[in-house]
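>>> Here is a sequence with its predicted model. Questions after.
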Amino acid sequence: MQLQIECNTSKHGSQVCCVCSHRFALGQAKVILCDDQGAAYGEVCSACLHNGFDWIKQEFEYSNLLHKTAYNQYRSRKRDVPLSA
């Protein structure tokens, strides 16, 4: 996981943080959370940046674990749908 800094060329005035899901105002630069191959997960707000890289990584991985767990529980539930439906 890595952070990328880029000039902000977006015309949108705000964005949703990929770590905390809060909406934040965009500045002249933006910080993007990426995987080790450079694929972007999303933009990071200044409040999350203030907490540091290790905190961001931990929160992002925990959030992904929760989503995967919920998705797997949903998929493993028995569905009582009649075949004729």
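Perfect, thanks for sending it.

>>> Is Ala40 in contact with Cys34, as I believe?
Yes - between Ala40 and Cys34 there is a contact under C-beta atoms under 8 Å: 5.2 Å. The C-beta positions use only the backbone N, C-alpha and C, and glycine is treated the same way.

>>> Quick check: neighbours shared by the two?
By C-beta atoms under 8 Å, 6 or more residues apart in numbering, Ala40 and Cys34 have these common neighbours: Gln4.

>>> List the contacts of Cys45.
With C-beta under 8 Å, 6+ apart, Cys45 has these contacts: Gln15, Cys17, Val19, Cys20, His22, Phe24.

>>> just for the protein, where's the confidence low?
65-85 (pLDDT under 70).

>>> Identify the residue nearest the geometric centre of it.
The centroid of the chain falls nearest to Cys18 when counting by C-alpha atoms, centre = their mean (2.9 Å).

>>> what about that residue, which helix or strand?
According to DSSP states H and E, Cys18 maps onto no helix or strand at all.

>>> Distance-wise, check it relative to Lys30.
With the distance defined as C-beta to C-beta, to the nearest Å, Cys18 ends up 11 Å from Lys30.

>>> Look up the residues that both of the two are in contact with.
Glu43.

>>> any chance you could map the strands in the chain?
For the chain, the strands defined by DSSP state E cover 2-7, 14-16, 23-25, 29-34, 40-44.

>>> Distance to Gly52 for those - can I get that in a markdown table?
What follows is the strands of the chain, written out as a markdown table (distance: least, C-beta to C-beta, whole Å):
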| stretch | distance to Gly52 |
| --- | --- |
| strand 2-7 | 11 |
| strand 14-16 | 20 |
| strand 23-25 | 17 |
| strand 29-34 | 12 |
| strand 40-44 | 11 |
